[in-house]
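coords below, sequence missing:
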């Protein structure tokens with residue numbers, strides 16, 4: 001049986017004081033975007049401190065729930081049945097009918113919680129809960145009341161109509177997208193960077209992304225893999241502007257001109273410069289990477305300090321203290337893992353030194369970069385001007 005509506009629960013938004021309305025409006029907007037992608041005319045409304053989704057007839061329940069579960073800011077989704085308000089006897093009849101439909105063989109413990117938003121209703125919330133509890137016990141003699149630790153929480157809201165629900169489906173949590181600015185994600189084809197993007201987006205940050213492509217050393221399939229990853233992240237983050245940078249000539253020039261043990265660090269520094277260029281152009285407030293301390297040579301503290309040096313924007317590394325297993329667990333949860341492990345190399349794995357420096361000396365690195373002369377600036381300019389923009393929905 002299709003439910004008539006969903007009650008949306010949120011946690012952190014309720015703590016935002018005078019700014020609460022801004023966060024609620026952002027949440028409603030993101031829900032409307034998510035639901036617009038599925039068939040049916042859903043209506044999202046704020047009512048007396050609640051957010052509801054009112055459903056059309058003959059909609060796809062699973063699609064609606066899935067869409068809402070990808071909206072940051074929602075901690076719980078309650079399927080709601082709505083009945084006409086025609087006095088207490090009709091209310092009691094409807095609640096017992098609800099129990100028989102949704103919990104037909106119920107024999108556990110329960111609690112009735114009533115919220116009387118319609119203050120003109122002649123019976124108090126406590127009296128309604130007590131009376132309804134008695135009616136349910138009559139209909140389900142093997143059930144019992146437990147107001148402290150019930151197996152079933154039955155909620156009844158008395159408004160212009162009667163809203164009944166007893167289930168909470170977990171949401172994505174976090175904060176609504178767009179409430180905490182925008183940042184630029186360095187997105188590779190690996191496991192870590194999509195997770196990093198997801199985690200920052202969960203805090204209400206809108207994200208764009210930059211991917212470094214190195215044809216012919218990396219294939220079109222490698223590029224498509226990153227586009228696929230961006231689409232998976234966008235299910236949570238909303239639309240992403242993906243910048244595809246042709247990095248081949250820069251990599252080859254660095255490979256020819258610099259000591260090979262410094263290749264990874266120097267290439268990484270130029271990637272950060274390019275990413276920051278697009279971040280500032282798109283009015284982002286920081287960069288996001290999937291780096292984790294000690295995972296590879298370029299991710300020691302000394303190496304991270306070296307790449308940070310070329311940036312004026314903050315660099316956010318949300319998985320920096322995670323073990324690989326923890327990152328993999330999140331990637332499975334958000335469905336990026338299977339795409340990330342597809343065997344297509346990205347530019348970071350092509351030009352890798354056999355023995356990369358793990359404790360780079362900044363003076364030495366700067367000296368090596370100075371030897372790249374004006375040629376590197378020309379290559380950078382070409383890369384920036386030929387970048388492909390892909391709008392990910």
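Thanks, I have the structure now. Since the structure is predicted, the reported quantities are computational estimates derived from the model, not experimental observations.

When you work out contacts or count neighbours from here on, use the C-alpha atoms and nothing else.
Noted.

Distance check, residue 326 against residue 31.
Separation of residue 326 from residue 31 (C-alpha to C-alpha, to the nearest Å): 29 Å.

helix or strand right after the lowest-mean-pLDDT helix or strand in the chain?
Within the chain, no helix or strand scores below helix 347-350, which has a mean of 56 by mean pLDDT, DSSP states H and E. Later in the chain than helix 347-350, the nearest helix or strand by DSSP states H and E is helix 362-370.

Check the average confidence over that next one, would you?
Averaging pLDDT along helix 362-370 yields 91.

May I see the buried residues of it?
Residues 365, 368-369 are the ones in helix 362-370 that count as buried (16 or more other C-alpha atoms under 10 Å).

Including distance to residue 79, could those go into a markdown table?
A markdown table is the format used below for the buried residues of helix 362-370 (distance: C-alpha to C-alpha, whole Å):
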| residue | distance to residue 79 |
| --- | --- |
| 365 | 59 |
| 368 | 62 |
| 369 | 60 |
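
which residues in the protein form helices?
For the chain, applying DSSP state H gives helices covering 20-35, 61-69, 88-102, 125-139, 192-201, 220-237, 248-257, 263-281, 301-308, 324-333, 337-340, 347-350, 362-370, 373-385.

could those be laid out in CSV, adding distance to residue 51?
Formatted as CSV, these follow (distance: least, C-alpha to C-alpha, whole Å):
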stretch, distance to residue 51
helix 20-35, 8
helix 61-69, 12
helix 88-102, 22
helix 125-139, 21
helix 192-201, 22
helix 220-237, 19
helix 248-257, 50
helix 263-281, 34
helix 301-308, 42
helix 324-333, 26
helix 337-340, 33
helix 347-350, 45
helix 362-370, 53
helix 373-385, 44
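
Among those helices, pick out the one with the most neighbours on average.
helix 192-201 (a mean of 26; mean count of other C-alpha atoms under 10 Å).

now that one, how far from the centre of its chain.
Its chain's C-alpha centre and that of helix 192-201 lie 8 Å apart, by C-alpha atoms, centre = their mean, to the nearest Å.

what inclination does that helix have with respect to helix 324-333?
70 degrees (axes from the mean of the first three to the mean of the last three C-alpha atoms, to 10 degrees).

What mean pLDDT does helix 192-201 get?
For helix 192-201, mean pLDDT is 98.

Contacts only, for residue 284.
For residue 284, the contact set (C-alpha atoms under 8 Å, 6 or more residues apart in numbering) comprises 181-184.

Now rank these by neighbours and give me the top one.
Greatest neighbour count in the contacts of residue 284, by other C-alpha atoms under 10 Å, goes to residue 184: 31 neighbours.

how close does that one sit to residue 39?
From residue 184 to residue 39 the distance is 32 Å (C-alpha to C-alpha).

same thing with residue 68?
Applying C-alpha to C-alpha, the value for residue 68 to residue 39 is 14 Å.

correct me, but residue 154 touches residue 103?
No. The criterion here is C-alpha atoms under 8 Å, and residue 154 misses it with residue 103 at 10.8 Å.

quick one: low-confidence ranges for this structure?
Scanning the chain for pLDDT under 70 picks out 1, 13-17, 297-298, 345-354.

Domains in it, by residue range?
As given by automatic domain parsing, the domain ranges for the chain are 5-170, 182-392.

CSV for those domains, including distance to residue 176?
Shown next, in CSV, are those (distance: least, C-alpha to C-alpha, whole Å):
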stretch, distance to residue 176
domain 5-170, 5
domain 182-392, 5
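
how deep is residue 358 tucked in, by neighbour count?
By other C-alpha under 10 Å, 20 other residues sit near residue 358.

wait, it sits on residue 304?
No. Here residue 358 lies out of contact with residue 304, judged by C-alpha under 8 Å, at a distance of 10.0 Å.

Need the residues that contact stretch 374-385.
Residues outside stretch 374-385 that contact it (C-alpha under 8 Å, 6+ apart): 245-247, 249-250, 253, 274.

Report the contact partners of the spatially most central residue of the chain.
Nearest residue to the geometric centre of the chain (C-alpha atoms, centre = their mean): residue 236, 3.9 Å. Residue 236 makes contact with 70-72, 198, 201-202, according to C-alpha under 8 Å, 6+ apart.

Identify the residues contacting the residue nearest to residue 201 when sequence neighbours are not counted.
The spatially closest residue to residue 201, leaving aside those adjacent along the chain, is residue 237, at 5.6 Å (C-alpha to C-alpha, 6 or more residues apart in numbering). For residue 237, the contact set (C-alpha under 8 Å, 6+ apart) comprises 72, 177, 198, 201-202, 206-207.
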